[in-house]
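Student: sequence unavailable; structure follows:
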């Protein structure tokens, strides 16, 4: 069944709200997760997630919900255009907000090596040890720069010297992980653009109907 202009708008608007929900859930779950005790399984992802602008993501999600609420009058009042125009403006702002978040994370991937070096140096020995065990490496650049932590992955200086530094596997993991996050942000921007287009189409459709209604009223036919 072919969707009408209004039906398309409603579907995309609901997708827009769903994206806001996903953004909020991601930010809140992430904030809760990074406060937990690090383990081999979560230590790397938690350090990377802590780099993401989570507070800004929550603010963005709230803005999405406010924008969706603005669309409710536009849906229940079939001929109104003022609410549609207002929502269209808010969607543009929301799209720019989300794009800035995505670009911020993307820009961080261009500096992953130096960023992770700073993060590594800020971690206690226990966290560095977990990273060494996760990536089977010793030290950051190598076993002496900075010095490795003695653990099951690096039980001695001789073993550590023969092993690789954590920089290569950690940077590769970080880039792949952050790529998924900023790609998701750009995907949300794609939904925003679709909503802007569907809003513009609905505005045009309602403008045409309003024009015909005025013509009919002048001819004495009455509104249709």
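Tutor: All right, it came through fine. Treat the numbers as computed from the prediction; the structure is a model and nothing was measured. Residues are numbered from 1 along each chain as shown.
Student: tell me, how many neighbours does residue 149 end up with?
Tutor: A total of 21 residues lie near residue 149 under the criterion other C-beta atoms under 10 Å. No exception for glycine: its C-beta is placed from N, CA and C like everyone else's.
Student: now do the contacts for the closest residue to residue 205 other than its chain neighbours.
Tutor: With sequence-adjacent residues excluded and distances taken as C-beta to C-beta, 6 or more residues apart in numbering, residue 205 is closest to residue 5, at 4.7 Å. Residue 5 makes contact with 198, 201, 202, 205, according to C-beta atoms under 8 Å, 6 or more residues apart in numbering.
Student: quick one, strands of the protein?
Tutor: Ranges of strands within the chain: none, based on DSSP state E.
Student: which secondary element of it has the worst mean pLDDT?
Tutor: The weakest-scoring helix or strand in the chain, judged by mean pLDDT, DSSP states H and E, is helix 167-218 (a mean of 88).
Student: now for it, which elements pack on it?
Tutor: Here helix 167-218 touches helix 5-33, helix 43-49, helix 82-109, helix 112-122, helix 125-135, going by 3 or more C-beta pairs under 8 Å, 6 or more residues apart in numbering; DSSP states H and E.
Student: distance to residue 158 for those helices - can I get that in a markdown table?
Tutor: Shown next, in a markdown table, are the helices and strands packed on helix 167-218 (distance: least, C-beta to C-beta, whole Å):
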| stretch | distance to residue 158 |
| --- | --- |
| helix 5-33 | 37 |
| helix 43-49 | 26 |
| helix 82-109 | 35 |
| helix 112-122 | 22 |
| helix 125-135 | 15 |
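Student: any regions of the chain where pLDDT drops low?
Tutor: 1-3, 212-224 (pLDDT under 70).
Student: spatially central residue for it, please.
Tutor: Ranked by distance to the mean C-alpha position of the chain (C-alpha atoms, centre = their mean), the top residue is residue 185 at 3.5 Å.
Student: in contact with the nearest residue to it once chain neighbours are set aside, which residues?
Tutor: Spatial nearest neighbour of residue 185, excluding adjacent residues (C-beta to C-beta, 6+ apart): residue 102 at 3.2 Å. Neighbour list for residue 102: 182, 185, 186, 189 [criterion: C-beta under 8 Å, 6+ apart].
Student: residue contacts, the last one?
Tutor: Going back to what we said before, that points to residue 189. Contact analysis of residue 189 by C-beta under 8 Å, 6+ apart lists 95, 98, 99, 102.
Student: rerun at 10 Å
Tutor: For residue 189, the contact set (C-beta atoms under 10 Å, 6 or more residues apart in numbering) comprises 19, 94, 95, 96, 97, 98, 99, 100, 101, 102.
Student: quick revisit: now do the residue nearest to residue 205 against residue 190, distance only.
Tutor: Distance of residue 5 to residue 190, given as C-beta to C-beta, to the nearest Å: 20 Å.
Student: what about stretch 42-56, start to end distance?
Tutor: 23 Å (C-alpha to C-alpha, to the nearest Å).
Student: give the buried residues for it.
Tutor: 42, 43, 44, 45, 46, 47, 48, 49, 51, 52, 54 (16 or more other C-beta atoms under 10 Å).
Student: nearest to residue 178, of the residues you listed?
Tutor: Nearest to residue 178 among the buried residues of stretch 42-56 is residue 48, at 6.4 Å by C-beta to C-beta.
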